[in-house]
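Return a 3D structure for these sequence lines:
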Amino acid sequence: MSEEKLFCIYIMTNYGDSVLYTGVTNNLQRRCYEHRNKLADGFTKKYNVTKLVYYEVFSDPVNAIQREKQIKGGSRQKKLDLINAMNPGWVDLYDQL
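Numbering: from 1, shown residues only. Reported below is the predicted structural model:
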C-alpha cells in the first residue's frame with residue numbers, strides 16, 4: 001500500500017518580515033530545512049529567508065503548481081492577507097510540521 005503523495009505551496013519570510021518567498025514542494029519539512037540551513041543558492045539564501053508563515057496542502061501537483069502561480073502573480077497585499085488569515089501572529093510554522 002503506497003502512501004498518498006502530498007504537495008504544498010508555501011510562503012516564507014525573513015525575521016524582519018520584509019521579504020516574501022513563495023514556493024511549491026512535495027516535502028515541505030525537507031524544503032524548509034533546506035531554506036533554513038542555506039542549502040540552496042538563490043533568493044532565500046541571499047535574503048536570509050528562514051521563517052515559514054503560510055502553507056496549503058494539495059493531493060495533486062497540477063493544482064499545487066497552479067495555486068503557486070496564482071499566489072506569485074498576486075500583489076504583496078494579497079500574500080499578506082493570506083498569511084494574516086492563517087497565521088495572524090506570523091509565528092514560524094516549521095516546528096508544527
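
rest of the way, CA atoms for contacts and neighbours
OK.

longest helix of this protein?
Across the chain, the longest stretch assigned as helix under DSSP state H is helix 61-73.

For that helix, list every residue counted as buried.
Buried positions in helix 61-73, judged by neighbour count with 16 or more other CA atoms under 10 Å: 61, 64-65, 67-68, 71-72.

ok, which pair from these is furthest apart?
Pro61 and Lys72 (16.3 Å; CA to CA).

How far away from the center of its chain is the longest helix of the chain?
Its chain's average C-alpha position is 12 Å from that of helix 61-73, according to CA atoms, centre = their mean, to the nearest Å.

How about stretch 31-46?
12 Å.

contacting residues around it?
Residues outside stretch 31-46 that contact it (CA atoms under 8 Å, 6 or more residues apart in numbering): 21, 25, 48-52, 94.

end to end, how far does it reach?
End-to-end distance of stretch 31-46 (CA to CA, to the nearest Å): 16 Å.

Report the mean confidence score over that stretch.
Here stretch 31-46 scores 95 as its mean pLDDT.

What residues of it count as buried?
Buried residues in stretch 31-46, counting neighbours by 16+ other CA under 10 Å, are found at 31-32, 34-36, 38, 44-45.

Count the neighbours of Leu20 for me.
Using other CA atoms under 10 Å, Leu20 has 20 other residues around it.

Could you list the low-pLDDT ranges of this protein?
Applying pLDDT under 70 to the chain flags the ranges 1-3.

And the strands in this protein?
7-13, 20-25, 51-58 (DSSP state E).

just those: most buried one?
strand 7-13 (a mean of 23; mean count of other CA atoms under 10 Å).

about what we covered before: could you single out the nearest of the contacts of stretch 31-46 to Pro88?
Distances from Pro88 to these, taken by CA to CA, are shortest for Leu52, at 12.9 Å.

closest to Leu82 out of the strands of the chain?
Nearest to Leu82 among the strands of the chain is strand 51-58; the distance by CA to CA comes to 7.6 Å.

quick one, the closest one and strand 20-25 angle?
Angle between the axes of strand 51-58 and strand 20-25 is 40 degrees (criterion: axes from the mean of the first three to the mean of the last three CA atoms, to 10 degrees).
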